[in-house]
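>>> here are the coordinates; sequence isn't available:
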């Protein structure tokens, strides 16, 4: 009888065959491996948000092992001597223990906090990228809405987390939140009482926020993020216009191996940066703030940065109280407008923007190509206006610190914010609009006349002119280079972008032996344009 | 493997026979991509195998991974053996968290940049073009799907048997509410229970006036606060200092003679003529704007500033808001001195404490 030899080399193929027999994955797997991703540096902004969220989940799980969500009063007796013997809530005591009596607890707390700040920052910057490039247009409106919701749910996650340590600063934030809820007409007092379980602060708010922070909100975030990514995957990325790129294709790299490898590497980099920040940069040192007591607060009490715009709007609001003289009399306090109505308007405006714009331009087509901000001046200017509005509010959220550090009157800062909130956004609109038109103009000049060479020529009649390098060769007609059409993509504006300079020798200590050939457009390998390439741009750019 | 392909229009192309032994592995992969509507139009290795450049890059990536190993080992060593318990002064424990961050960060960055360099520099570059296929379904398909759904709806027979639909709706609507009811119902709490929004710890208990006490519970004599000075006081009841009575903290201010005179005049103007005792006045510390403790008292101007939103109250004019978002005066606590010489509250606050709300009378 012949002994069958075990063939090691055949194992992977056999296993793969066995798997496909059962799950029929060969075709879908190949499609997945081959999926093409367009690439641009700005696409990584959303990924930073995603990766910080993963870090948030990991560090958050660690923190739940040690945190105690209870407001029962205990007397602190841990390592941190200055607070020993102080009565405080169990929540605050366990947060102190996390910082001082759990091995490596402090770095986990700080990484969690930094990751949260990075998460929100990445969401905002990613949102700006999507807005200014028109990536939210049909068919991606749903994903724009999900993205905006992610900001607000992230905001809630941040606020509930910020409140958990029950230190002096977070307790003050909670008190303001209760004041905001109280300010809502008709239902305010019922809402506050129901959430706090009676009068502020009650005894259960910390445990309720804990459940919200570790279960409900993360669950919602995971669901929204999954839907967001699922839609990105289904609808494929947008891409910049460029050689060979049309509305009907995706030009880029297949997912494996290079794209996936870059993603994996980038995740580790984001994780590493958060670890560095968590270790080296102190954040939220709750042991300096002490336990929350209703009568203690200090100057420069600021929330986390993404809440500061609401703090700013609250500070700028004039003391306009509305009295309604019916019965005993009812009142709408000034707090209602900047903290309930304003965020409501912001949510509505931002989520609905894609539909507003589509309606205004009567543009209901599919768009998979991005637009350069300069080509859509009106949208870019609206975005600049929104950013200016946000920045004025955020700065006003720290106007006491600015007043203190720069020796400005506090009241002057408030007035500067009030006036600035009305004046700066329209100004930003105007400036951004003109900048867009100027940049458009310059692009067209280069396409028509060529790149400035810096060479000054004297004509026989004594005039001086600058020599321009046309972008195309002269044709047979009259010796002039034909003007080129603008296609919505970068126009080379420097001579070395045209390969006029020799390529740099690469390598730091030792030059790499073969100098790279000068590409026509650095970073973009030559691709033949398809003859059927469509024109780029919306109705806006035609003006 | 160095392969350079040119873009070909995929139309009318016969599928390759992938079992042809002459085909290279790259060609088979390319055929697979074609079947997924992907054209690999450019595929170019970045480094020539066996060159100095390749060896250099390989060494670079390898050294990054080795850095990771070193940093991760250092992290473990520090995590276990470095003195980490907090002690007063600048001991080694102050470096525990920074060192952990540094080593962990370096370890992660090492992997990260190692992988990135590997992927970006060592792997071949490519440009592939994939068709999107995001046109909507054909009108025919849409019609078929729509008709299918309408057919199913017809088969359910709700249109012919409306009672089914109505009863189903009528039956289901309350079920939805049933799901929400326990959650909402369990949370609802009446804000006006025990008149809690309108009383503080200073409400006289069984006819007895409540003393003003310090943080540590000691009562206060007038001589304890010097002119121009101020003191945070609490109701002298059980747990009066704790957060259970978060609306009770009060600022007791000893005004100087002139300021006291101005205050008395302002007080009698609004009918609070007897709220002060001598030159002493007491105002709620809880800001009427958002509820932060308004506690930055400027002696020279007699202004009280809330550090959260910068509302400013003029103490000598009945704590009238003079700047910022607050629209309502800080309530004043009527005070006097009892027979033993300690400050007491004559009665509870006569105005509502803290942030405003709809039904405040």
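Yes, it's here. Model, not experiment: these values are computed from the prediction.
>>> the stretch 251-400 of chain A: strands as residue ranges?
Assigned by DSSP state E, counting those that start in this stretch, the strands in the stretch 251-400 of chain A fall at A:322-324, A:330-332.
>>> need those strands in CSV (columns: distance to chain B, mean pLDDT and mean neighbour count).
Quick note: C-beta positions are derived from backbone N, CA and C, even for glycine. Shown next, in CSV, are the strands of the stretch 251-400 of chain A (distance: least, CB to the nearest CB, whole Å; pLDDT from 0 to 100; neighbours: other CB atoms under 10 Å in any protein chain shown):
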stretch, distance to chain B, mean pLDDT, mean neighbour count
strand A:322-324, 9, 93, 11
strand A:330-332, 5, 94, 19
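>>> now the helices for the stretch 301-450 of chain A?
For the stretch 301-450 of chain A, the helices defined by DSSP state H, counting those that start in this stretch cover A:308-316, A:336, A:342-361, A:377-397, A:399-405, A:410-449.
>>> where are the low-confidence patches of the stretch 351-500 of chain A?
Regions of the stretch 351-500 of chain A meeting the criterion pLDDT under 70 cover residues A:474-481.
>>> list the helices and strands the strand ranked longest in chain A packs on?
Determined from DSSP state E, the single longest strand within chain A is strand A:451-458. Packing partners of strand A:451-458 (3 or more CB pairs under 8 Å, 6 or more residues apart in numbering or on different chains; DSSP states H and E): strand A:464-469.
>>> just give me the neighbour total for the residue in the stretch 1-150 of chain B positioned nearest to chain A.
Closest residue of the stretch 1-150 of chain B to chain A, CB to the nearest CB: residue B:101 (0.8 Å). By other CB atoms under 10 Å in any protein chain shown, the residues close to residue B:101 number 25.
>>> quick check, it in a helix?
Yes - if the criterion is DSSP: H, G, I helix; E, B strand; the rest coil, then residue B:101 is within a helix.
>>> per-residue pLDDT, the nearest residue to it once chain neighbours are set aside?
Spatial nearest neighbour of residue B:101, chain neighbours left out: residue A:279 (0.8 Å); criterion: CB to CB, 6 or more residues apart in numbering or on different chains. If you check residue A:279, the pLDDT there is 96.
>>> so residue A:279 sits against residue B:96, correct?
No - contact criterion CB atoms under 8 Å: residue A:279 and residue B:96 do not qualify, at 9.3 Å.
>>> who's more crowded, those two?
Using other CB under 10 Å, the more surrounded residue of residue A:279 and residue B:96 is residue A:279, with 25 against 22.
>>> list the contacts of the more buried one.
A:107, A:110, A:111, B:97, B:98, B:99, B:100, B:101, B:102, B:104, B:105 (CB atoms under 8 Å, 6 or more residues apart in numbering or on different chains).
>>> output those residues as CSV; include the columns distance to residue B:197 and pLDDT.
Converted to CSV, these look like this (distance: CB to CB, whole Å; pLDDT from 0 to 100):
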residue, distance to residue B:197, pLDDT
A:107, 43, 96
A:110, 39, 97
A:111, 41, 97
B:97, 44, 95
B:98, 48, 96
B:99, 51, 97
B:100, 48, 97
B:101, 47, 97
B:102, 52, 97
B:104, 50, 97
B:105, 50, 98
